[in-house]
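Trainee: Need a 3D model of the following:
(chains A and B)
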Amino acid sequence: MHCHNEAKTPPETGDIPKILLIGNPNVGKSVIFSKLTGHEVIASNFPGTTVTYSSGKIKLQGKQALLTDVPGIYSLEAASKAEEVATNLLSTGADALICVLDATNLERNLNFALQLKKYRIPIVFALNMMDVAEQKGIKIDALVLQNILGYPVIPTVAVRNIGLSELLKKTFAGIGQVSSIEPQQGFSSEDRWKEVGRITSMVQKLEHRHSTFWERLGDSMIMPIPGIFVAILVVLISLGIIAGGGRVLRAAILLPLINEIYAPFVSGIVSSLVSEGILRNILIGDYGLLIKGIEWPFALILPYVLLFYIVLSFLEDTGYLPRLGVLGDGIMRRLGVQGSDLIPLMLGYGCAIPAILGTRTATTYKQRLIVSVLISLAVPCISQTGAFIALLGDRSVLVLLLVYFIAICVIFFGGIVLKRAIPGQSSTILIEVPNLLMPNPSAIFKKIWIRVKHFLIEAGIPMLIGIAVASLVAETGLLINFSRLLEPVVVNWLGLPPEASLSLILGVIRRELAVLPLLEMNLSTMQLLVGSVVSLFYIPCLAVLGVLIKEFGVKVAAAISVFTIIFALFFAGLINQIGNFVMFLL
Amino acid sequence: MSLYKIKKATNCIIESVPTQKILEALGIRKGVNVRVLVRQPLGGPVVVRVGQRDIAISSEYAKQITVKEVV
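Mentor: Modelled structure (predicted):
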């Protein structure tokens, strides 16, 4: 019984078989993963969306297996952090591999597929994005390919569930079935490319087609002209949807609902049940948990979170973001990073956590650190943006714009300084520009839903805790003591009212909580600017601190925290002092 | 001639490539046909089409890649 098809005993790692989902970057592994396991993972149309692996169970007719979504890699040589993760997973042993191949880019994907065979682990190939390939006039004979590779090749369109049940069946059937077609030994990489060329010419037919509208649009987006105008247009439309749409949702629908219906109703009930005193104030007073705990997260922040993720998810799935990275590389280089680092920076305008995790695709430590510091310091998350709009939108749009202008200047000059201050090398851009695609609506809805749900759980609870802290320190008189302690900084240096010390306390918990208390303080325009600048640069939230510790260690995380606090107080105070001096001269 | 010096919309064949695993994995290899689509300003990358796919190659790498124009 020593033929090549004998069933291998699975390695002793738990009682169910382990299956790895593997392939080049941006071929659709995460889409397949979430469809097969029902787990919610974020998938996008750019390389490097998955930076760490996630696992989930797949089931078929009573059988179970553990599927692991491995970060996309170009080769098996452990050159980047993602490749290290992938090769480690491969070498710890798996019972089967699902290797996803991009049908629109067969040659390169085959080169990877051939490298996989040397591990002697059973493989099922998913030949994905068959629909896009067809539009491009690419025809691939999956049966011939299957015979050459010696393993099942299933054509799929993962976003539309095509071919996935077949893939699942073949995967379970394949566990333990190593192909009888031996991988060639002593293959040099040149031999391998020759083999790839031979296979491709046998299975693939290219039909010349006129380029589609999306192809031409995608091409024009990476030309400096009109690319730069497209970029400006995309940014303006995005801002219009987020800021304009958010205003409508907030001012026309949610605030009236809460202020005119919900708040009087709850206040009425609480007033009749709880007698006047600290408890009633904690529930429905200035920072009343039942009032602000609903108004702040749901009316002031949520509309912007929802709209931001609608816009971001759409942009991600079209494949536009890497094009922006290619266009912006010339500027990003000046900041010690490169064009592809623009993507984590932009994610940071949503939430710093996925943004900082996303820097794992950057190949050098220096770049990761620069991007993470800039995000922690000067990229306001969408919650904070919602809070800024609530604070400044009605009072002074000019100050609102000024705050974002200051932030961008600090990112720019901060990058220039960090480039020189942090030792080490930055790698230069070398990326693949993905196909420009019309996003799949159901995939987008799902992604928005994952992110909004995530926000409600991950942000809602700390926000409630923050508001509880606020009402406790305000109602118990602790705030007065704190304010007295911080008076030299808050009042003398920053020129803010003493109770603004609350912002500095709450700002540690979450970014928007540094802004929202200012809403109740009747500030002058100058104070609005100073207060906003403090909260902009102030320490990122506790959750981000946790991620910084995990990614860079306690020392670096502590250094970033201390630096952001000092920078925020120093810079905002400087604005206050200079402003006062100028006003004194006038 | 270095890839960085090629005018846009020119087809060429790659003659030599520095040893860089990702370049090779992306299909930028000796003997391969590429078409230069654009060179980004401010020291940005050169974008080339290899087969069906566009690859952005930084000026640093592009300067080390030599090519021959195809007429």
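Trainee: Near chain A, which residues of chain B are found?
Mentor: For chain B, the residues in contact with chain A (Cβ under 8 Å from any Cβ of the partner chain) are B:20-27, B:29, B:37-38, B:40-45, B:47, B:51-61. Backbone N, C-alpha and C define where each C-beta goes, glycine included.
Trainee: Please produce a ChimeraX select command covering the buried subset of those residues.
Mentor: Here is the ChimeraX command that picks out the buried ones among the residues of chain B next to chain A, judged by 16 or more other Cβ atoms under 10 Å in any protein chain shown:
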select /B:21,22,23,24,25,26,27,29,37,38,40,44,45,47,51,52,53,54,55,56,57,58,59,60,61
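Trainee: Which ones among the residues of chain B next to chain A lie within strands?
Mentor: B:37-38, B:47, B:53-57 (DSSP state E).
Trainee: Taking those together, which two end up most distant?
Mentor: B:38 and B:53 (15.0 Å; Cβ to Cβ).
Trainee: Which residue does chain B have closest to chain A?
Mentor: residue B:42 (2.7 Å; Cβ to the nearest Cβ).
Trainee: what sits against residue A:443?
Mentor: By Cβ atoms under 8 Å, 6 or more residues apart in numbering or on different chains, the residues touching residue A:443 are A:31, A:43, A:159, A:317.
Trainee: for chain B, what spans make up the helices?
Mentor: Taking DSSP state H as the test, the helices found in chain B are B:21-25, B:59-64.
Trainee: Quick one: list the elements packing against the lowest-mean-pLDDT helix or strand in chain B.
Mentor: Sorted by mean pLDDT, DSSP states H and E, the helices and strands of chain B end with helix B:21-25, the least confident at a mean of 85. When contacts are defined as 3 or more Cβ pairs under 8 Å, 6 or more residues apart in numbering or on different chains; DSSP states H and E, helix B:21-25 sits against helix A:106-116.
Trainee: distance between the following helix or strand past the helix it packs on and the chain's centre?
Mentor: Proceeding N to C from helix A:106-116, the next assigned helix or strand is strand A:123-128, under DSSP states H and E. Chain-centre distance of strand A:123-128: 27 Å, with Cα atoms, centre = their mean, to the nearest Å.
Trainee: Pull out the buried positions in strand A:123-128.
Mentor: Buried residues in strand A:123-128 (16+ other Cβ under 10 Å): A:123-128.
Trainee: next one: stretch A:42-53
Mentor: Buried, per 16+ other Cβ under 10 Å, within stretch A:42-53: A:42-51, A:53.
Trainee: Check the contacts of residue A:443 and tell me the two furthest apart.
Mentor: The most distant members of the contacts of residue A:443, if one measures by Cβ to Cβ, are A:31 and A:317, lying 10.1 Å apart.
Trainee: List phi and psi for residue A:53.
Mentor: With angles defined as degrees, to the nearest 10, residue A:53 sits at phi -100, psi 150.
Trainee: how about residue A:122, what does it touch?
Mentor: A:95-97, A:151, A:174-179.
Trainee: Same question for residue A:128.
Mentor: Per Cβ under 8 Å, 6+ apart, neighbours of residue A:128: A:27-28, A:32, A:100-103, A:156-158.
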